[in-house]
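> kindly return the folded structure for what I paste below:
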Amino acid sequence: MVGAGILLSRLAGLIRDRAFAHYFGNSDAADAFRAAFRIPNFLQNLFGEGVLSASFIPAYAGLLARKGQREAGELAGAIAAILGLVVSVLVLTGIWATPFLIALIAPGFAGEKRRLCIRLVRIFFPGAGLLVLSAWCLGVLNSHRRFLLSYTAPVIWNVAIIATLLLFGPTRSQFPLAALAAWGSVAGSLLQLAVQVPIVLRLVGHLRLRLNFRLTEVRGVIANFIPVFVSRGVVQISAYVDSLIASLLPTGAVAGLGYAQTLSMLPVSLFGMSVSAAELPTMSSALGSQEEIARHLRTRLDSGLRQIAFFIVPSAVAFLALGDVVTATIYQTGRFSRADAVYVWAILAGSAVGLLASTLGRLYASSYYALRDTRTPLRYAVVRVTLTILFGYLAAIPLPPLLGIDPKWGVAGLTASAGVAGWLEFLLLRRSMNRRIGHTGLPLSFTLRLWGAAALGAGVAWGIKWALGSLHPLIIAVFVLGPYGLVYLATLLLLGVPEAHGALGRAKRRLGV
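Next comes the predicted model:
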């Protein structure tokens, strides 16, 4: 259900980005819009889904399992009230402080581009506050195993932006259209919250919105919230540094980074976040002795790791070897040219370096959260972000001139360096968890079979792409990406990989075969 919900949401996001690319391409307005959305998105990510999943869901799901609805409802109401108060203050402060934030985040912007970015940030901030409250709804729904609604709700947010672009895009120039799209985002945020609230109110008994710090569980959520908040803050600082560095590069770097991140986040969300989100309530509800809980976590971890790797490995190889096909299929329309598609491919190839590590790391982080340990992931996140900033600056700014290439390609070094740091974080998370609960991880033979099958599929796809020549991107995608996936799956079926047989069986059942 999580995967299905995220799939619908991400598909809507791809359609939104295709519409955005059609009207904005890699222009100054596109750079301003992408940079502006990052600033209130900082607020959303700090207080939103990731932090609440780590601190609120384990406590709320645990109360449901041990004590029942009344205590859980009191906890949910207290957290909602605290969250609403804090976010309201931060939204108002953010709107007032926007000019100072722009100077810190996008120092490379000047003139009309900078003024547009300031205007957009002030529009985005209220919507970000609404999305934080929507994340509280997601926490409640996930704890009650209502996964589909919580992860399909963002479809409405995407639809609101798409509708705004289609309605005003043909008659507005880029700068006014960017402001209208930002207001469409705010309207979508309100709708996303509104569709979840009625179900949440039916699920949560004894919900009282009040600032109640006397409850032990509330203090526990706040205590766990702080290190996760800091951890997410560190990660967000890394994202902002990426945007800052990209703003120092030629026009199109910030927008290109945004397009590539949308594509790279698709498999991360579908197969990393979905497995991690589905496993967290189950892991958090485990009861018994320390050894019984450890055995339960090992089983869930190993199963989830195999699930994730089965889908992420071919995604990484596709981004690396066939990223031009993927990018052109989604974005090549209107103002977004073939040259833009190749540029985003380079950035996407850099993202492929750490794709597997970042998704596997999410599941390990969920395991720590299930054990009520939020500090260990924080320490390793600090290490990763520090290395990402250092390596990212070196790869993006001084390296391209040393190699004698156009400075705009530095943004590809930015994403590749983040991947290297992501691998280090994953290895640290795995080593520390294995010391606590016993050995976990992917078998070497299983991993080699996945990479080998993906490489074989990429070779076949490359041959087909070369034979097709210059055709419409959608036609090329059908005849290149389809065979790539089929060769990957067929190879793993021949090698007897259980996940391949499971995926084929699920597909047959859904098709009624």
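
> contacts, neighbours, all on C-alpha from now
Fine.

> for Ile162, give its distance to Gly258.
According to CA to CA, to the nearest Å, Ile162 stands 17 Å off from Gly258.

> same question, Ala346
From Ala346 to Gly258 the distance is 13 Å (CA to CA).

> how about Gly94?
22 Å.

> and if you look at Leu193?
25 Å.

> kindly state the pLDDT recorded for Leu280?
Looking at Leu280, its pLDDT reads 68.

> contacts only, for Pro99.
Ile118 (CA atoms under 8 Å, 6 or more residues apart in numbering).

> what about it, which helix or strand?
helix 98-105 (DSSP states H and E).

> beyond that helix, next helix or strand please.
Using DSSP H and E, the first helix or strand after helix 98-105 is helix 111-143.

> so Arg430 is in contact with Tyr364, correct?
Yes: A contact is recorded between Arg430 and Tyr364 when judged using CA atoms under 8 Å, the distance being 6.8 Å.

> ok, the two, which is more surrounded?
Tyr364 (23 against 17; other CA atoms under 10 Å).

> what's the helix or strand for that one?
Going by DSSP H and E, Tyr364 is in helix 355-370.

> ok, residues contacting that helix?
For helix 355-370, using CA under 8 Å, 6+ apart, the contacting residues are 54-55, 58, 264, 268, 271-273, 275-277, 279-281, 283-284, 297, 301, 304-305, 308-309, 312-313, 316, 374, 376-377, 419, 422-423, 425-426, 429-430, 433.

> measure how far that helix is from the centre of its chain, please.
Between the centre of helix 355-370 and the centre of its host chain there is 13 Å, according to CA atoms, centre = their mean, to the nearest Å.

> in terms of secondary structure, what does the helix or strand just after it contact?
With elements assigned by DSSP H and E, the helix or strand that comes after helix 355-370 is helix 375-396. Applying 3 or more CA pairs under 8 Å, 6 or more residues apart in numbering; DSSP states H and E, one finds that helix 375-396 makes contact with helix 216-247, helix 355-370, helix 410-437.

> show me what counts as buried in the helix holding Pro99.
Thr98, Pro99, Leu101, Ile102, Ile105 (16 or more other CA atoms under 10 Å).

> any idea how far Thr164 is from Ala187?
In terms of CA to CA, Ala187 sits 10 Å off from Thr164.

> got it, and Gly25?
Distance from Gly25 to Thr164, by CA to CA: 17 Å.

> comparing those two, which residue is more hemmed in?
Gly25 (25 against 19).

> and Leu211, how far from Ala59?
On the measure of CA to CA, Leu211 and Ala59 end up 17 Å apart.

> next one: Met283
Met283 is 12 Å from Ala59, by CA to CA.

> circling back to that earlier point, now the buried members of the contacts of helix 355-370.
Buried among the contacts of helix 355-370 by 16+ other CA under 10 Å: 54-55, 58, 264, 268, 271-273, 275-277, 279-281, 283-284, 297, 301, 304-305, 308-309, 312-313, 316, 374, 376-377, 419, 422-423, 425-426, 429-430, 433.

> where does Gln192 land in three-state SS?
With DSSP: H, G, I helix; E, B strand; the rest coil as the basis, Gln192 sits in helix.

> I'd guessed it sits against Val132; true?
No: counting by CA under 8 Å, Gln192 sits too far from Val132 to count as a contact (10.8 Å).

> and the angle for the strand or helix carrying Thr329 with helix 355-370?
Using DSSP H and E, Thr329 maps to helix 290-331. Interaxial angle, helix 290-331 versus helix 355-370 (axes from the mean of the first three to the mean of the last three CA atoms, to 10 degrees): 140 degrees.

> tell me how far helix 290-331 lies from the chain's centre.
With CA atoms, centre = their mean, you get 13 Å for helix 290-331.

> beyond the strand or helix carrying Leu148, next helix or strand please.
Leu148 belongs to helix 147-152 when elements are defined using DSSP H and E. Once the chain leaves helix 147-152, the next helix or strand it forms, by DSSP H and E, is helix 154-168.

> got the CA coordinates for that following helix in PDB?
The C-alpha trace of helix 154-168 is given here as PDB (Å, rounded to 0.1, in the frame of the first residue of the first chain):
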ATOM      1  CA  PRO A 154       0.300  14.500  -2.100                       C
ATOM      2  CA  VAL A 155      -1.300  13.700  -5.500                       C
ATOM      3  CA  ILE A 156      -3.700  16.500  -4.800                       C
ATOM      4  CA  TRP A 157      -0.900  18.900  -4.100                       C
ATOM      5  CA  ASN A 158       0.700  18.000  -7.500                       C
ATOM      6  CA  VAL A 159      -2.600  18.300  -9.300                       C
ATOM      7  CA  ALA A 160      -3.100  21.800  -7.900                       C
ATOM      8  CA  ILE A 161       0.200  22.900  -9.300                       C
ATOM      9  CA  ILE A 162      -0.300  21.200 -12.700                       C
ATOM     10  CA  ALA A 163      -3.800  22.800 -13.000                       C
ATOM     11  CA  THR A 164      -2.300  26.200 -12.300                       C
ATOM     12  CA  LEU A 165       0.400  25.800 -14.900                       C
ATOM     13  CA  LEU A 166      -2.000  24.500 -17.600                       C
ATOM     14  CA  LEU A 167      -4.500  27.300 -16.800                       C
ATOM     15  CA  PHE A 168      -2.100  30.200 -16.800                       C
END
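
> who are the packing partners of it?
helix 2-24, helix 174-203.

> any residues touching stretch 163-171, and which ones?
Against stretch 163-171 from outside (CA under 8 Å, 6+ apart): Ala19, Phe20, Tyr23, Leu177, Leu180, Ala181, Gly184.

> in a markdown table, list those residues along with distance to Val254 and neighbour count.
Shown next, in a markdown table, are these (distance: CA to CA, whole Å; neighbours: other CA atoms under 10 Å):
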| residue | distance to Val254 | neighbour count |
| --- | --- | --- |
| Ala19 | 18 | 22 |
| Phe20 | 14 | 25 |
| Tyr23 | 16 | 25 |
| Leu177 | 18 | 20 |
| Leu180 | 20 | 20 |
| Ala181 | 18 | 25 |
| Gly184 | 21 | 23 |
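
> farthest-apart pair in those, please.
Tyr23 and Gly184 (15.2 Å; CA to CA).

> residue ranges with poor pLDDT in the stretch 251-400 of the chain?
277, 280-281, 284-288 (pLDDT under 70).

> follow-up on the earlier one: so can I have a markdown table of the buried residues of helix 98-105 showing pLDDT and distance to Arg384?
Listed next are these as a markdown table, based on pLDDT from 0 to 100; distance: CA to CA, whole Å:
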| residue | pLDDT | distance to Arg384 |
| --- | --- | --- |
| Thr98 | 83 | 28 |
| Pro99 | 84 | 29 |
| Leu101 | 77 | 24 |
| Ile102 | 78 | 25 |
| Ile105 | 69 | 20 |
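
> Cys137 contacts Val195, correct?
No: counting by CA under 8 Å, Cys137 sits too far from Val195 to count as a contact (10.0 Å).

> more neighbours: which of those two?
With neighbours defined as other CA under 10 Å, Cys137 and Val195 compare such that Cys137 has more, 24 against 16.

> quickly note the distance from the more buried one to Leu130.
11 Å.

> which residues do these two both contact?
Leu193.

> now the closest residue to Ser243 other than its chain neighbours: how far from Leu360?
If the residues on either side of it in the chain are set aside, Ser243 comes closest to Val254, at 6.3 Å by CA to CA, 6 or more residues apart in numbering. From Val254 across to Leu360, the span is 27 Å (CA to CA).

> more neighbours: which of those two?
Leu360 (31 against 28).

> helices along the stretch 401-513 of the chain, start to end?
410-437, 444-468, 473-494, 498-511 (DSSP state H, counting those that start in this stretch).

> distance of Thr164 from Gln174?
In terms of CA to CA, Thr164 sits 13 Å off from Gln174.

> please disregard the earlier target; I meant Leu486.
Taking CA to CA, one finds Leu486 at 41 Å from Gln174.
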